[in-house]
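Colleague: Compute the structure for the input listed below.
(one chain, ligands or ions: 1)
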Amino acid sequence: MEVVIRPTTQSAVNLTAQLIADALRAKPDMVLGLATGRTMEAVYARLAEMYRKENLDFSLARSFNLDEYIGLGPENKNSYRYYMNTQLFDHINIDKRNTHLPDGLAEDVEAEGPRYEAEIDGAGGIDIQLLGIGRDGHIGFNEPLSSLSSRTRAKSLTPETYEQNAPLFDKPEDMPMRAFTMGVGTILDARRLILLATGAEKADILAQAVEGPVTSMISSTALQLHPNAIVIVDEEAGAKLTGRKYYDWIFAHEPKWAAYQNI
Ligand code: F6R
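Modeller: Alright, predicted model coming up:
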């Protein structure tokens, strides 16, 4: 795992978007794993800007989102399909037929996970999976005790996640209590992971995720098991990391980071 601490939220966001843009330019039909939530809004705004101003071409790209609320259809303003359309897909030249989320209205809840996994396999697997981190340390909606080898399935959300996300609903009580989510094992199958965390409220859990013991109680600790995982944070989210001197030293000296110093 590598950790990159950037001085501002915007530079952490820009670095995240730049890594995705560089990968897309190298492989125009790449398979992107996408996340939703507040943190990602700025990343999608930056990617849309790169499409407009830097000819970043998404026409051949394919995407799979981590999760979707059970019971919410694409027209529902709080569904993650709606979020993705309005935050990103409507602003770039991706073909929406190549964008995938679990079907929140799937009639057969048990079958939806395996169906989604088969779609990911059919696309050749995920090249880069973008991740945020929940207050309880979840990635996707892999709440505490999610098996580190779990696959896409229905998951009940924790009260903490409920508290985190219900304010985003017009009526907080409308937030579903269950969601489909890629499993931790599904996420670990991606060829590269990029987790972005910003803001002071993520500092404690981020330090546990990166420097604490691997545990199914905090699904983001599973990133430690992945051979190609990058954690990008701003100063606030990185404030509780103890190994900072080493992380900064690598970012300053590894040749592969040379082009990214002033983003
Ligand atoms: C949503 C997802 C979640 C969020 C996490 C952080 O697709 O994957 O794990 O990334 O809950 O959410 P924010 O960014 O709103 O703090």
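Colleague: dump the residue contacts of whatever residue of the stretch 1-150 of the chain ends up closest to the ligand.
Modeller: Using CB to the nearest ligand atom, the single residue of the stretch 1-150 of the chain nearest to the ligand is Gly132, 2.4 Å away. Where C-beta positions appear, they are placed from N, C-alpha and C, glycine not excepted. With contact set as CB atoms under 8 Å, 6 or more residues apart in numbering, Gly132 has these partners: Ala35, Thr36, Gly37, Thr39, Met40, Ile139, Leu195, Leu196, Ala197.
Colleague: Now, these that are in helices?
Modeller: Thr39, Met40 (DSSP state H).
Colleague: Is it possible to get JSON lines of the contacts of Gly132 that adds pLDDT, neighbour count and distance to Ala61?
Modeller: JSON lines is the format used below for the contacts of Gly132 (pLDDT from 0 to 100; neighbours: other CB atoms under 10 Å; distance: CB to CB, whole Å):
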{"residue": "Ala35", "pLDDT": "98", "neighbour count": "23", "distance to Ala61": "16"}
{"residue": "Thr36", "pLDDT": "98", "neighbour count": "26", "distance to Ala61": "17"}
{"residue": "Gly37", "pLDDT": "96", "neighbour count": "18", "distance to Ala61": "21"}
{"residue": "Thr39", "pLDDT": "98", "neighbour count": "23", "distance to Ala61": "21"}
{"residue": "Met40", "pLDDT": "98", "neighbour count": "22", "distance to Ala61": "16"}
{"residue": "Ile139", "pLDDT": "98", "neighbour count": "28", "distance to Ala61": "22"}
{"residue": "Leu195", "pLDDT": "99", "neighbour count": "25", "distance to Ala61": "20"}
{"residue": "Leu196", "pLDDT": "99", "neighbour count": "29", "distance to Ala61": "19"}
{"residue": "Ala197", "pLDDT": "99", "neighbour count": "24", "distance to Ala61": "24"}
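Colleague: So which residues on the protein come close to the ligand?
Modeller: 35-39, 66-67, 132-134, 138-140 (CB under 6 Å from any ligand atom).
Colleague: So which of these sit within strands?
Modeller: Judged by DSSP state E, strands contain the following of the residues of the chain next to the ligand: Asp67.
Colleague: Can you tell me which of the residues of the chain next to the ligand is nearest Leu47?
Modeller: Within those, proximity to Leu47 (CB to CB) peaks at Ala35, which comes in at 12.8 Å.
Colleague: that older thread, now render the contacts of Gly132 as a markdown table, adding distance to Thr181.
Modeller: Output for those, formatted as a markdown table (distance: CB to CB, whole Å):
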| residue | distance to Thr181 |
| --- | --- |
| Ala35 | 11 |
| Thr36 | 11 |
| Gly37 | 13 |
| Thr39 | 17 |
| Met40 | 15 |
| Ile139 | 9 |
| Leu195 | 15 |
| Leu196 | 18 |
| Ala197 | 18 |
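Colleague: Tell me which residue of the stretch 151-263 of the chain lies closest to the ligand.
Modeller: Closest point on the stretch 151-263 of the chain to the ligand, by CB to the nearest ligand atom, is Gln164, at 6.2 Å.
Colleague: Which residue ranges of the protein form strands?
Modeller: Counting by DSSP E, the strands of the chain are 2-6, 31-34, 62-65, 67-69, 99-100, 128-131, 153-156, 178-181, 192-197, 229-234.
Colleague: just how off-centre is stretch 21-33 within its chain?
Modeller: 15 Å (CA atoms, centre = their mean, to the nearest Å).
Colleague: right, I mislabeled it, should have said stretch 11-24
Modeller: Using CA atoms, centre = their mean, the offset of stretch 11-24 from its chain centre is 13 Å.
Colleague: Now Asp29. Nearest residue, chain neighbours left out?
Modeller: Leu60 (4.1 Å; CB to CB, 6 or more residues apart in numbering).
Colleague: Verify the contact between that neighbour and Pro28 for me.
Modeller: Yes. Leu60 is within contact range of Pro28, at 4.5 Å (criterion: CB atoms under 8 Å).
Colleague: List the buried residues for the helix or strand of the chain with the lowest mean pLDDT?
Modeller: The helix or strand of the chain with the lowest confidence, counting by mean pLDDT, DSSP states H and E, is helix 159-165 at a mean of 93. Residues Thr161, Gln164, Asn165 are the ones in helix 159-165 that count as buried (16 or more other CB atoms under 10 Å).
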